[in-house]
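Sequence first, then the predicted structure, then my questions.
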Amino acid sequence: QVQLLESGGGLVQAGDSLRLSCAASGSAISRATMAWFRQAPGKERDFVARLSGSGGSADYADSTKGRFTISRDNTKNTVYLQMNSLEPEDTAVYYCAAGRISFRTYQYWGQGTQVTVSS
């Protein structure tokens, strides 16, 4: 069993940066594909970024490519999402996920962290 705990969310202005962290406990995630999703009010949960277990392969949503970077530190059992040039459209609850089953289906999910970007 894996527990995921996100942190690092907050209220920022457009153009600012934030780094989200996702700490895993209960089991090592060093071989697991990790991902970030987000859900804005009234919308479905959307894919943001994904990183392979080795950290050698990353994918991004078109809306975040070039601004967001997903990374991992397997020694700390932690995955990060560096978000730069934030826009009001990035406002959402951000969720960490582990253990990819399919594009939107993962074995484990965190509780989410709120990111609010003001214009």
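Looks like it arrived, so ask away. This structure is a prediction, so every number in the text was calculated from the model and none was measured. Numbers count the residues shown, from 1 in each chain.

So residue 115 belongs to a strand, correct?
Yes - judged by DSSP: H, G, I helix; E, B strand; the rest coil, residue 115 forms part of a strand.

Centre-most residue in this structure?
Centroid check for the chain by C-alpha atoms, centre = their mean gives residue 36 as the closest residue, at 2.7 Å.

Isn't that residue up against residue 95?
Yes - using C-beta atoms under 8 Å, residue 36 is in contact with residue 95, at 7.0 Å. All C-beta atoms are positioned from the backbone trio N, CA, C, and that covers glycine.

ok, and for stretch 95-103, which residues are buried?
95, 96, 97, 98, 99, 100 (16 or more other C-beta atoms under 10 Å).

Would you format those residues as TSV with pLDDT included?
Shown next, in TSV, are the buried residues of stretch 95-103 (pLDDT from 0 to 100):
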residue	pLDDT
95	98
96	97
97	97
98	94
99	90
100	90
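
quick one: which of the residues you listed is nearest to residue 23?
In terms of C-beta to C-beta, no member of the buried residues of stretch 95-103 lies closer to residue 23 than residue 96, at 8.8 Å.

Setting the sequence-adjacent residues aside, check what's closest to that closest one.
Spatially, and ignoring its direct neighbours in sequence, residue 96 is nearest to residue 22 (3.4 Å; C-beta to C-beta, 6 or more residues apart in numbering).

Quick check: buried residues in whichever strand or helix holds the one you found?
Assigned by DSSP states H and E, residue 22 falls within strand 18-25. Buried residues in strand 18-25, counting neighbours by 16+ other C-beta under 10 Å, are found at 18, 20, 21, 22, 23, 24.

Turn those into CSV, including pLDDT.
Shown next, in CSV, are the buried residues of strand 18-25 (pLDDT from 0 to 100):
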residue, pLDDT
18, 98
20, 98
21, 98
22, 97
23, 95
24, 92
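
and which of the residues you listed is nearest to residue 48?
Residue 48 lies nearest to residue 20 out of the buried residues of strand 18-25, by C-beta to C-beta, at 9.7 Å.
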